[in-house]
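# Sequence isn't available, so here's the structure alone:
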């Protein structure tokens, strides 16, 4: 099992897929890293040599990934909330940010449904 950027990447997967286990590296960036490190993207991780792993580590090190990226994202969200812009307010009250409708959907952001009881009608 290869260890890159503090993450154990699975050895039985192809290189492109295995690198996406690192937070901040998607498929396109994984392909770019492997191309710059001169490693074939079809080779499984278990078949990488030590020199190839070192080259990949060096390429991955040039990007902001894992803990540093997570903290940067959290600081950006905090900044939006502090300045009180539209996106910051939506973050603060836990609603979708990017113009989605909230009448029917958006359960991921709003959480489990909170049932509101009906008012009793007088005179019936």
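Great, that's in hand. None of these values were measured; they are calculated from a predicted model.
# quick one, helices of this protein?
15-19, 27-36, 50-60, 66-83, 86-93, 107-110 (DSSP state H).
# The third one packs against which elements?
Right, the one you point to is helix 50-60. strand 2-4, helix 15-19, helix 27-36 (3 or more Cβ pairs under 8 Å, 6 or more residues apart in numbering; DSSP states H and E). C-betas here are computed from N, CA, C, even on glycine.
# among the ones you listed, which is nearest residue 51?
strand 2-4 (12.5 Å; Cβ to Cβ).
# buried ones in the closest one?
2, 4 (16 or more other Cβ atoms under 10 Å).
# which one of the helices of the chain is the most hemmed in?
helix 15-19 (a mean of 22; mean count of other Cβ atoms under 10 Å).
# can you list contacts of that helix?
With contact meaning Cβ atoms under 8 Å, 6 or more residues apart in numbering, helix 15-19 is reached by 2, 4, 9-11, 25, 27, 29-31, 33-34, 39-45, 48, 56, 60.
# Within the sheet, what are the partner strands of the lowest-mean-pLDDT helix or strand in the chain, with directions?
Least confident helix or strand, the chain: strand 2-4 with a mean of 87, by mean pLDDT, DSSP states H and E. Strand pairing for strand 2-4, determined by DSSP bridges: strand 7-9 (antiparallel).
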